[in-house]
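In: Have a look; sequence and predicted model below, questions after that.
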Amino acid sequence: MKGRAIMALLVSLTGGLAASQAPELTQQYRQRLGGALDEITQVVADFDADAAQNGLRRDEALTLYARTNTRFLRDRGESMRRIIDRFDHLQHQSVRLEELPPVLRPMAIFAHPDSDVFEGTLRDFEPAVPLTPHGMIWTAAGLLGGFGVFRLLALPFEWRRRRLRHGRIRLGS
């Protein structure tokens with residue numbers, strides 16, 4: 001009995017510790033996202049300015065790149081199209097994260113992260129103690145989730161133990 005309680009506590013604490021890092025991971029992701037967005041915004045703004053200087057809108061400039069006979073320029077146009085698509089994605093995600101309450105932000109990141117930003121965040125992630133209200137909520141959810149996992153894993157053993165105990169009682173009567 002004592003061993004089960006210790007195991008339940010350890011699994012719950014592990015769940016709590018893991019989940020408590022979700023808000024910090026989100027914060028570090030948001031910082032990286034902001035940096036990536038700042039850089040890519042400048043690239044897109046320069047492209048738009050070059051296009052405007054030549055009497056073109058962004059879509060017209062990209063079409064011009066796509067129709068050229070020079071492979072390098074077609075490739076450059078495709079690169080620029082990917083950059084603009086990523087810019088739109090990063091911008092949308094940044095706005096979405098700002099609109100969500102802090103406690104829900106980790107779920108938005110886990111659902112649709114920018115792979116480059118997320119990989120960089122994971123690579124450089126530094127754990128932190130959650131002192132914010134949403135950090136405490138994630139910690140509590142992790143503790144409860146860890147305890148739930150322990151209970152699910154222990155259930156078959158409890159059923160077996162109960163069957164054995166009831167079997168012994170019947171034999172002794």
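Out: The structure has been received and is ready for your questions.

In: give me the low-pLDDT residue ranges for the protein?
Out: 1, 164, 167-173 (pLDDT under 70).

In: So which residues of it form helices?
Out: Ranges of helices in the chain, per DSSP state H, are 2-20, 22-53, 58-67, 71-99, 105-111, 115-124, 133-172.

In: Need these in TSV (columns: mean neighbour count).
Out: Yep, even glycine has a C-beta here, placed from its N, CA and C like the rest. TSV is the format used below for those (neighbours: other C-beta atoms under 10 Å):
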stretch	mean neighbour count
helix 2-20	15
helix 22-53	16
helix 58-67	14
helix 71-99	14
helix 105-111	16
helix 115-124	14
helix 133-172	13
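
In: how far away is D88 from R162?
Out: Note on D88: its distance to R162, by C-beta to C-beta, to the nearest Å, is 58 Å.

In: what's the answer for G120, then?
Out: According to C-beta to C-beta, G120 and R162 sit 50 Å apart.

In: And for A111?
Out: Counting by C-beta to C-beta, the separation of A111 from R162 is 40 Å.

In: do the same with G142
Out: Separation of G142 from R162 (C-beta to C-beta): 29 Å.

In: Check T26 too.
Out: For T26 relative to R162 (C-beta to C-beta), the value is 43 Å.

In: Equivalent analysis for L13, please.
Out: In terms of C-beta to C-beta, L13 sits 27 Å off from R162.

In: same thing with K2?
Out: Distance of K2 to R162, computed by C-beta to C-beta: 19 Å.

In: Please apply the same query to L131.
Out: L131 is 43 Å from R162, by C-beta to C-beta.

In: burial of the residue nearest to Q21 when sequence neighbours are not counted, as a residue count?
Out: Spatial nearest neighbour of Q21, excluding adjacent residues (C-beta to C-beta, 6 or more residues apart in numbering): P127 at 5.5 Å. P127: 11 surrounding residues under other C-beta atoms under 10 Å.

In: P127 reaches P23, doesn't it?
Out: No - P127 is beyond contact range of P23, at 11.3 Å (criterion: C-beta atoms under 8 Å).

In: excluding its backbone neighbours, what's nearest E60?
Out: Nearest to E60 is A51, by C-beta to C-beta, 6+ apart, at 7.0 Å.
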